[in-house]
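K.L.:
starting from these lines, generate the structure:
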Amino acid sequence: MIRKIRNPWTGLQGYNCIGCSPTNPLGFHLCFYEEGDYVLTTWHPTPDHQGWINTLHGGVQSLLIDEVAGWVVTRKMQTTGVTSKMEVKYLKPVPTTEGPITIRAKVAKQMRNIVFIDAQLLNAQNEVCTEASLVYFCASKEKAFEQTGFTVCELEEE
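P.N.:
The predicted model follows:
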């Protein structure tokens, strides 16, 4: 069952994330969903996001993967964090001329305040085109609240 995640940053002064802020005029305006262990989003690339002709730029792919991984920390770990390391494997080109792509990620392992996240980017045919392994440094819940005002990340039905 796929359930929409409520954005806990909405209304926060200064919030202008390129990935998930609904008001950033240059942003991607991503919404996130939870499906079992995964956090995911869908997004429709356009020719404005290409590197090579009709091919999604690798840096944009990395941005999307990093954003979803950040939401894994927000939803699954119920805190905030920062990317410490990201290793990306580009397996096949992602067309900008097809339908929406899906980006999904889940916790692979946790060691204290370090979280290892596995992520995938799938094309419109649901084929894995890009894989990534990320390491996130997670803030304590007290530090997350102190620095950002973060308290909880809920599903919309909650």
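
K.L.:
excluding residues flanking it in the chain, which one is nearest residue 18?
P.N.:
Distance criterion C-beta to C-beta, 6 or more residues apart in numbering; nearest residue to residue 18, sequence neighbours excluded, is residue 27 at 4.8 Å. To be clear about C-beta, it is placed using only N, CA and C from the backbone, and glycine gets the same treatment.

K.L.:
mind listing what that neighbour touches?
P.N.:
Residue 27 makes contact with 16, 17, 18, 19, 20, 21 under the criterion C-beta atoms under 8 Å, 6 or more residues apart in numbering.

K.L.:
likewise residue 107?
P.N.:
With contact taken as C-beta under 8 Å, 6+ apart, residue 107 is in contact with 37, 72, 76, 77, 115, 116, 117.

K.L.:
quick check: pLDDT value at the fourth one.
P.N.:
The per-residue pLDDT reported for residue 77 equals 97.

K.L.:
ok, it - contacts?
P.N.:
Counting by C-beta under 8 Å, 6+ apart, residue 77 touches 107, 110, 115, 138.

K.L.:
surely the third one touches residue 138?
P.N.:
Yes. Residue 115 sits in contact with residue 138 when judged by C-beta atoms under 8 Å, with a separation of 5.6 Å.
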